[in-house]
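>>> pasting a predicted model and its sequence here:
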Amino acid sequence: MTTAQSNFSDFAENKTIFVSGLSLNVTESVLYGTVLKEFPNQVLNVHINKDNSHDTSIAYINMNTHDSAAQAISKLNGTIIEGRKVNMFWSLRDYKLRTQSETNLYVKGIKKEIGQQKMQEVFDKYGNTLSVKLSTNEKNESNGFGYVKYCTVDECKKVIAAKEEISKEIGEASFDIVKFEKQNKSLKTNIYIGNIDATVTEEQFLKYFETFGPIRKDASGKLAYKIVLDQAHQKNKGFVNYENVEDAQKAISSPKTGVLGSGEILIDYYKSKEERKKEWRNALFEIKNNVAGRYKDFNLYINTGKNHTTSDAEIREKLGSCGEIYSLQVKYYNKQPTEVAYCCFKDAQGAQNALAKASELGWTINKFMTKQEKFISQNMYAQTAYPINFLNFFQMFNPNVIVPQHPQNQNKEKDHRKKSTREESRKPKPIAEKQPKVEKAPIINEDMKNELGDQLYDYILSLGLYDEDLTGRITGVLLESIEYADLKKKIDTKSPELTVIIKEIVENLKKIQN
């Protein structure tokens, strides 16, 4: 090994090994025993950090000396523990140094029979390796490529120059060593394509999108594109990752009708699941603000009369001429439509026209008010109904009505307090009974609602019946129409009732669209 002259100034003093890929069943005792067996009296301590949200855990091993840590990495990197291959690298505390890619190499065309320990042994000859990792599948079989990180750029150049020599030991005909370049996530080169005819083949898909520019290759050298069948809609959807931002932009701005099949395809920048959730939350928040603010004064309560069940189509037919309807919902009881509906217009003129048309239709149409608004309105009416004391008011017409007068506080004695006697002071005072504490209902904040919304979104999407747009709309309706505690209980227990409610919502949404 050579002495490292690089940004990793404390490399020679490093005694800590970072371990990844551990099975969740592995305990600190098991890992400690595995290392101690090969290096007696060299292990100081072992700490495993488990996270139940991942199927593997990580660990840190502190050795007595730097040399013993280096020997442990060389000998145990790639060891199988509890049925899983584990990776052992040098632990780097500095995040910037840990993530910088100046000294990272990508190695491809490795013979399938070569293991990670052999790969570690070969690359250790050319400098101080910070990490050596061979890509493997679930059966711990080699995928034929891997990654190496050195301390210095000079060591990387040295290895690339010795590529042919290294190929003789571990390489196939396609063996190559190149500098690894991490893709900049801020560059938008990845696009999503939807609504593709099911008859379009993979060859047709690739041929069309290659016309816009070169497609990026993944770590194994394959073109970064994919086309799959969307079972829910019997349409194809695909993904393409270009090398250049300009090429992705050209693909997005290109014609979309009749280019892949007879229909119109959808092309947009690819968004991760978290980005789509955030976008959906922002859209839902905007809708809430619009309804609560801009359209609040245009909400109407409609009652078509007893023994008359209304429908979405009927209300749109009767009131559609009044103005543009923003939203419409028929009230249901026991899964059956009632005579009550709620309608929101996009402007004041539409709402006024609907109110004026109520008598013509024989319906009751009023401005919709929340419970709080009704309470305030009733209180204001009660206060203004009798502007003065009603007894004094009627006394003006009937002088015989006697109004009781409150006694005035006149000629009060200065000392009105009673002097307690000695006997009274000695009487035992009754012990007040303790009142049972009333548990306060938990305060539901916006974060809790967002978390529940994410949980509902994932659950509905996992059913495989609805697309992302419809899933977001269903989630919004559930959050608005069902109490938080009841909805939380249903999703936590995966109640079958929740699935029934979701189907009802979908049916109502389809009616609204029609």
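Yep, that arrived.

>>> I figured Asn450 hits Lys278, correct?
No: applying CB atoms under 8 Å as the test, Asn450 and Lys278 come out as separate, 9.8 Å apart. Heads up, the C-betas are built off the backbone N, CA and C, glycines and all.

>>> which SS state does Glu274 fall under?
Put simply, Glu274 is helix when judged by DSSP: H, G, I helix; E, B strand; the rest coil.

>>> and it, what's its pLDDT?
We have a pLDDT of 83 for Glu274.

>>> can you report how many residues neighbour it?
9 (other CB atoms under 10 Å).

>>> show me the contacts for it.
Glu274 sits next to no residue when contact means CB atoms under 8 Å, 6 or more residues apart in numbering.

>>> from Gly146, how far out is it?
29 Å (CB to CB, to the nearest Å).

>>> tell me the bridge partners for Ser327.
On the basis of DSSP bridges, Ser327 is bridged to Cys344.

>>> that one contacts Cys344, doesn't it?
Yes: Ser327 lies in contact with Cys344 (CB under 8 Å); the separation is 4.6 Å.

>>> so for the two, which sits in the more crowded spot?
Set Ser327 next to Cys344 and count neighbours by other CB under 10 Å: Cys344 wins out with 20 against 14.

>>> tell me how far that one lies from Trp363.
Between Cys344 and Trp363 the computed distance is 16 Å (CB to CB).

>>> try Tyr459
For Tyr459, the distance to Trp363 - CB to CB - is 39 Å.

>>> quick one, which of the two is more surrounded?
Taking other CB under 10 Å, Tyr459 and Trp363 do not tie; Trp363 has more neighbours (20 against 17).

>>> quick one: pLDDT of the more buried one?
91.

>>> next: Lys437.
Confidence score, pLDDT, at Lys437: 56.

>>> next one: the one 4 residues further on
On pLDDT, Ala441 comes in at 53.

>>> quick one: the helices in the stretch 51-200 of the chain?
66-76, 95-99, 116-123, 153-161, 163-170 (DSSP state H, counting those that start in this stretch).

>>> columns distance to Leu498, mean pLDDT and mean neighbour count on top of the ones you listed, output as JSON lines?
Formatted as JSON lines, those follow (distance: least, CB to CB, whole Å; pLDDT from 0 to 100; neighbours: other CB atoms under 10 Å):
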{"stretch": "helix 66-76", "distance to Leu498": "49", "mean pLDDT": "92", "mean neighbour count": "18"}
{"stretch": "helix 95-99", "distance to Leu498": "42", "mean pLDDT": "74", "mean neighbour count": "12"}
{"stretch": "helix 116-123", "distance to Leu498": "46", "mean pLDDT": "92", "mean neighbour count": "20"}
{"stretch": "helix 153-161", "distance to Leu498": "55", "mean pLDDT": "91", "mean neighbour count": "17"}
{"stretch": "helix 163-170", "distance to Leu498": "54", "mean pLDDT": "92", "mean neighbour count": "15"}
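
>>> next, format those as a markdown table and append distance to Tyr208.
Shown next, in a markdown table, are these (distance: least, CB to CB, whole Å):
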| stretch | distance to Tyr208 |
| --- | --- |
| helix 66-76 | 48 |
| helix 95-99 | 37 |
| helix 116-123 | 40 |
| helix 153-161 | 37 |
| helix 163-170 | 37 |
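
>>> break the chain down into its domains, please.
11-179, 190-270, 282-371, 446-513 (automatic domain parsing).

>>> does Tyr192 touch Ser272 like I think?
No: using CB under 8 Å, Tyr192 is not in contact with Ser272; the gap is 10.8 Å.

>>> which of those two has more neighbours?
Counted by other CB under 10 Å, Tyr192 and Ser272 do not tie: Tyr192 has more neighbours, with 15 against 10.

>>> gap between that one and Leu44?
Tyr192 is 50 Å from Leu44, by CB to CB.

>>> Asp154 now?
For Asp154 relative to Leu44 (CB to CB), the value is 32 Å.

>>> repeat for Ile325
As judged by CB to CB, Ile325 and Leu44 stand 72 Å apart.

>>> looking at these two, which is more packed in?
Ile325 (20 against 12).

>>> where does the stretch 1-150 of the chain dip in pLDDT?
For the stretch 1-150 of the chain, applying pLDDT under 70 flags the ranges 1-9, 53.

>>> return the set of buried residues in stretch 131-145.
Across stretch 131-145, burial judged by 16 or more other CB atoms under 10 Å covers Ser131, Val132, Lys133, Leu134, Ser135, Thr136, Ser142, Gly144, Phe145.

>>> how long is that stretch end to end?
Distance between the two ends of stretch 131-145: 14 Å, counting by CA to CA, to the nearest Å.

>>> neighbouring contacts of that stretch?
Contacts of stretch 131-145 (CB under 8 Å, 6+ apart): 77-78, 80, 84-85, 87, 89-90, 106-116, 119-120, 123-124, 146-149, 172, 219-220.

>>> so of these, which ones are in strands?
When DSSP state E is applied, the contacts of stretch 131-145 are split such that 80, 84-85, 87, 89-90, 106-110, 146-149, 172 fall in strands.

>>> out of those, flag the one nearest to Glu339.
Arg84 (63.7 Å; CB to CB).

>>> could you check how far the closest residue to Ala224 other than its chain neighbours is from Arg216?
Once flanking residues are discounted, Ala224 sits nearest to Asn241: 3.8 Å by CB to CB, 6 or more residues apart in numbering. Separation of Asn241 from Arg216 (CB to CB): 5 Å.

>>> likewise Arg316?
Taken as CB to CB, the span from Arg316 to Arg216 is 49 Å.

>>> just Glu324 next, same as before
Distance from Glu324 to Arg216, by CB to CB: 46 Å.

>>> what about those two, which has more around it?
Set Glu324 next to Arg216 and count neighbours by other CB under 10 Å: Arg216 wins out with 17 against 10.

>>> ok, that one touching Tyr242?
Yes: in this structure, Arg216 is within contact of Tyr242 by CB under 8 Å, at 6.2 Å.

>>> what do these two both touch?
Counting by CB under 8 Å, 6+ apart, the residues touching both Arg216 and Tyr242 are Thr189.

>>> ok, which stretches of the stretch 151-300 of the chain are strands?
Taking DSSP state E, counting those that start in this stretch as the criterion, the stretch 151-300 of the chain carries its strands at 171-179, 190-196, 225-230, 235-241, 266-269, 299-303.

>>> ok, the stretch 301-450 of the chain next?
325-333, 336-345, 364-367.

>>> if anything else comes up later, I'll come back, but that's it for now.
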